[in-house]
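Peer 1: Got a predicted model here, sequence first, then my questions.
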Amino acid sequence: MLRNKPRKANIATLPFRIRNNFRRLPNRFYYRIMMTMKKCDDDHIEQRSDNEQRNDNDDDLEQRSNNEEESDEEYETMLSDNEERHDSDISEEKLFVDEALAKDKLPSYDDLVDIIMRPEFNRDHIMAYQLSISDIIWNVLNNPSLLKEMYFGAGVDSKTKSEYWHGTLWAESPLFGQEQLMISGEIYQCGDFYRLRIQKVLDYSDLPGTFKGELRQNRSLSGEVWLQDEPFLTITTSQISEKPPSPTIPVYKLFLDIYYDDFGTFRNVYHSLGGVYVQFGNMPARQRKLLKNHFVLGFVPFGGNFNEFMLPFISEMKEFEQGKLMEVNGQDAWVIAGLGVVTADLPQGNDMCGVLRHNANKGCRTCTASRESLTNFSQDVPATSRYHHITDDQFKEIFNKPATTRQRRLCTEFGLRTRPSILDRLLRERHLQTPQDVYHATAGKIGRLLKLTCELFSQKGEDEFIKAWKNFEKPKKWSRLPNPISHNASFMMFDYLRLAMIMPFILNSFLETSSLKENESRSILRRIQESRINMAKNVIIACWVYVAKTMRMVFESKFTLDSYDELQKCLEEEMKILPKVFPEFANLPNLHINIHLLVHARTYGTLINTQVGIKEMVHRIFKAMVPRTNCKNVELDLLKRYTTLFAIRHLVDEGADQRLSQPCRGFATMSSNFRNLLTNWYITEDKVSNEQELEENEEAISSPVDFITNIILKRSLSHQDRENIMKNLPNFKSELLLLFMDIGQKSALIYSQMGWYELATYTMEESDGVFSKVHLHISDVVTIHEEDSGECYAIIKGIFKYKGNDDKYYAFITIDWFDNINRIHNVLKCPLFRIQTSQDIRWRRIFPISIIDHVQKVHFVYDTKIDLWIKNNYYFTAI
């Protein structure tokens, strides 16, 4: 599936110019050789065309911040000093080399110079490899399992918004959604035009002399004006070069999501690759979050240029914007594809928007707010926002300036680069369709807040924090988090998100005035204008509460109109309290984007539609592959591995192969186990299924419902544990009878065989047809839907099997309910619950496992101070 340059193949080979990095960090050995050669060929180094000078100036402007720019004059002075200093060094080295040559220890110095300067060893171009977007689109549309999931309709004005087509961009852009609409009973196709009469307004003074008169002059005094028809262009039928597609042909409009970010390939050697991935916004969110639905476009080589790398993609996309005839499932279809959204981290996102980096004076790609007013929430956002047509005019003004100095001055004034991004050659609104990524921004805020909070602790506070951190009961499905004080730098971005979910509860459990440094407490009280000493600890916890609450809203999977209002309120509250308590947050770019997140949420339906958390996991997969490559041409080896996996996945999904006249039936008849092995990018170890079973289940566990299968019970409980569970079940026999009546049996054997276990696993089919594996453990918190009370919560106290009258075993759980006491915690702003006691017999305790809606969807924290359970309202699944 690999190819070279031809278009019909799968990989395009492109030459890339490596940027000259010797200006910043000169290579001394290379420099000395060049100085030696300069004596015989001085003009070779100094010759430059005007275009090359302009390109060098562009690169310098892109790599330097406004505060740390190094002038050309300073560099030339430094270069001349280096030349004088190294002239003597070169002569001494040549004497040393000549002496070594006399003893036949070294090859000729001139020969060595010739070898190093040969083109194959001193290349200014490297090869890059890219998959064709046409081939990716063809394979996706000819994959039956993907095509049936994709949406190609018009924008949907839904009360609950969760998909791209619920946002305003999908509804307003003609590149996406429906290709026709009805106005006043008449159907209009995209591209249709009205014939309008354009008229110019004339005052009396503008009228020709033949039309002037006393009567018209008097009427003009009362405000009368006259209209003049403007000439308009008439297009004849002979000028039409191409007819629109037939109205009966299927039309597929594709919403493309491009993601670009660098990732390191080796642990101890800096060698980064720029991963460029494509996603299809036509897929629902549950499909887009799958790793296998992240399609690789290619890898920008180390030292390569993103704009050059994207040239083949741009040329192909310009064809798709006009529409392209493709074969889909054996019939012709009209395929239109447009760039829907570009996602990236803060620096790369600014580059792809043509805006200076975020440390510039106007470094926001959405507005022109200055660096001193980034966290001013009261600013006039419409007045400071960037608009595509205005930015176009500013780029033209920069380009038309003849001198480089004037161009730089305008770039600083506008906050723009010298040239627009190559993506601007496509149809897009550069500022609206390059939103800030909430995943990077939120993790960055939390990381900074954690560092500042830990710096406030006294030695006693650090010891108490570590103790509370170790004793805190974290959700079971989480991986182990590093020590926040000693291993702060080891946190991954999703670790920061998880930390923010539990940090308010940890601080609330131990934080006292004595836990903080006295001078830091006084500084905080001075900033918040409070005199009570205990307010310092309360406001620190409040900062974490606001950050956690905002994070929970930002990563909400569904939005309503009320949710948008709540999001705006959370963003504003967070933006006010953080700079007030911690001055380090003032004018922080990661906090500034709070001003724009509401617009992004309305544009794309939700904010998680444009967050890159799962895309970062794709980086980790490729990074793990690097040690298994040849470590020479890494990007080519990674693409070979990916195309192999992609081809297998395509055939497993019963996709068509255009090289064959008939579909491949071999993968369609494979066993279910082998099919499951090939339905994703990589194989993960199932830790639960691989654990050694303490007791073999000779009898299969039957399911009372069709959507639950493969029930397995493991780890038998001890006799003492079983007795402890039974003590809290005073009505076990009566509830057991009700239990079997729930599953369709009229009676139950009282003294039938039963067994108690620590965990259970089963496969559940969701309402959308997706299968998921569920793991139940004792002490897990589960969500159960009650007809009267709605969503309720309970904790699993026991898992057992019981034989029914039909000689089949069934799996059941015993639970204790959480009772909502309708109170809110004063500091944490979370609801309080009381656990059901053994004497409380208001609710049943024994249920079949089919009653469970979700496992570990919620998180409860026990507060020993008030002897109550706190529901963690800030808990969610980040990725």
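Peer 2: Arrived safely, thanks for sending.
Peer 1: show me the contacts for the nearest residue to Asp816 once chain neighbours are set aside.
Peer 2: In space, and not counting its chain neighbours, Asp816 is closest to Gln836: 4.5 Å by CB to CB, 6 or more residues apart in numbering. For every residue, glycine as well, the C-beta is placed using N, CA and C. Shown in contact with Gln836 (CB atoms under 8 Å, 6 or more residues apart in numbering): 816-819, 843, 845.
Peer 1: Could I get the contacting residues of the residue nearest the centre of the chain?
Peer 2: By CA atoms, centre = their mean, the chain has its centre lying nearest to Val612, at 0.9 Å. Neighbour list for Val612: 259, 261, 343-345, 437, 439-440 [criterion: CB under 8 Å, 6+ apart].
Peer 1: do Pro848 as well
Peer 2: Counting by CB under 8 Å, 6+ apart, Pro848 has contacts 704, 739, 742-743, 810-813.
Peer 1: Just list whatever residues bridge to it.
Peer 2: On the basis of DSSP bridges, Pro848 is bridged to Phe812.
Peer 1: What number of residues are in the vicinity of the closest residue to Tyr604 other than its chain neighbours?
Peer 2: Once flanking residues are discounted, Tyr604 sits nearest to Gly167: 4.4 Å by CB to CB, 6+ apart. Gly167 sits with 25 neighbouring residues when counted by other CB atoms under 10 Å.
Peer 1: Hmm, Arg602 and Gly167 touching each other?
Peer 2: Yes. With contacts counted by CB atoms under 8 Å, Gly167 reaches Arg602, the gap being 6.6 Å.
Peer 1: can I get the contacts of Pro848 in TSV with neighbour count, distance to Ile784 and pLDDT?
Peer 2: Below are these laid out as TSV (neighbours: other CB atoms under 10 Å; distance: CB to CB, whole Å; pLDDT from 0 to 100):
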residue	neighbour count	distance to Ile784	pLDDT
Pro704	17	16	78
Leu739	20	15	75
Asp742	15	13	72
Ile743	16	16	71
Tyr810	23	18	84
Ala811	23	16	86
Phe812	22	14	87
Ile813	22	10	88
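Peer 1: Dump those residues to TSV, plus distance to Thr375.
Peer 2: Shown next, in TSV, are those (distance: CB to CB, whole Å):
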residue	distance to Thr375
Pro704	57
Leu739	58
Asp742	56
Ile743	58
Tyr810	59
Ala811	54
Phe812	55
Ile813	49
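Peer 1: how about low-confidence regions in the stretch 601-750 of the chain?
Peer 2: Within the stretch 601-750 of the chain, the stretches with pLDDT under 70 are 656, 658-699, 744, 746-750.
Peer 1: can you map out the strands along it?
Peer 2: 701-702, 708-716 (DSSP state E, counting those that start in this stretch).
Peer 1: on that earlier part again, state the phi and psi torsions of the residue nearest to Asp816.
Peer 2: Dihedral pair for Gln836: phi -70, psi 130, per degrees, to the nearest 10.
Peer 1: Can you tell me how far it is from Phe818?
Peer 2: Using CB to CB, to the nearest Å, Gln836 is found at 8 Å from Phe818.
Peer 1: Stretch 545-565 - what's its average pLDDT?
Peer 2: Here stretch 545-565 scores 94 as its mean pLDDT.
Peer 1: start to end distance for it?
Peer 2: 19 Å (CA to CA, to the nearest Å).
Peer 1: ditto for stretch 338-351
Peer 2: With CA to CA as the measure, what separates the two termini of stretch 338-351 is 20 Å.
Peer 1: so for that stretch, what's the average pLDDT?
Peer 2: pLDDT averaged over stretch 338-351 gives 89.
Peer 1: give me the number of residues near the residue nearest to Leu427 when sequence neighbours are not counted?
Peer 2: Nearest non-adjacent residue to Leu427, counting by CB to CB, 6+ apart: Glu321, 5.5 Å away. Per other CB under 10 Å, the neighbour tally for Glu321 reads 16.
Peer 1: quick one: which helix or strand includes the residue lying closest to Glu584 once chain neighbours are set aside?
Peer 2: Spatially, and ignoring its direct neighbours in sequence, Glu584 is nearest to Leu452 (6.1 Å; CB to CB, 6+ apart). Using DSSP states H and E, the element containing Leu452 is helix 438-456.
Peer 1: Quick one: list the elements packing against that helix.
Peer 2: helix 493-510, helix 518-528, helix 535-554, helix 589-592 (3 or more CB pairs under 8 Å, 6 or more residues apart in numbering; DSSP states H and E).
Peer 1: ok, now which residue in this structure is the farthest from the centroid?
Peer 2: Most peripheral residue of the chain (CA atoms, centre = their mean): Glu214, 70.7 Å.
Peer 1: ok, that residue - contacts?
Peer 2: So Glu214 contacts nothing (CB under 8 Å, 6+ apart).
Peer 1: per-residue confidence for it?
Peer 2: Glu214 is assigned a predicted lDDT (pLDDT) of 85.
Peer 1: From Leu221, how far off is it?
Peer 2: Taking CB to CB, one finds Glu214 at 11 Å from Leu221.
Peer 1: next one: Cys353
Peer 2: Taking CB to CB, one finds Cys353 at 53 Å from Leu221.
Peer 1: more crowded one of the two?
Peer 2: Cys353 (25 against 8).
Peer 1: from memory the more buried one sits against Leu416, does it?
Peer 2: No. Contact criterion CB under 8 Å: Cys353 and Leu416 do not qualify, at 9.2 Å.
Peer 1: Make JSON lines from the strands of the stretch 601-750 of the chain and add distance to Cys411 and mean neighbour count to it.
Peer 2: What follows is the strands of the stretch 601-750 of the chain, written out as JSON lines (distance: least, CB to CB, whole Å; neighbours: other CB atoms under 10 Å):
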{"stretch": "strand 701-702", "distance to Cys411": "69", "mean neighbour count": "18"}
{"stretch": "strand 708-716", "distance to Cys411": "62", "mean neighbour count": "17"}
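Peer 1: Next, the buried residues of stretch 861-874.
Peer 2: For stretch 861-874, a neighbour-count test (16 or more other CB atoms under 10 Å) marks 861, 868-874 as buried.
Peer 1: Pull the distance from the strand or helix carrying the residue nearest to Leu427 to the chain's centre.
Peer 2: Following DSSP H and E, the helix or strand that holds Glu321 is helix 311-322. For helix 311-322, the gap between its own C-alpha mean and the chain's C-alpha mean amounts to 24 Å (CA atoms, centre = their mean, to the nearest Å).
Peer 1: and if you look at stretch 411-427?
Peer 2: That offset, for stretch 411-427, works out to 23 Å (CA atoms, centre = their mean).
Peer 1: which outside residues touch that stretch?
Peer 2: With contacts defined as CB under 8 Å, 6+ apart, stretch 411-427 is touched by 54, 57-58, 61-62, 66, 175, 258, 306-307, 310-311, 314, 317-318, 321, 338-339, 342, 351-356, 360-364, 368, 391-392, 394-395, 398-399, 407, 410, 430.
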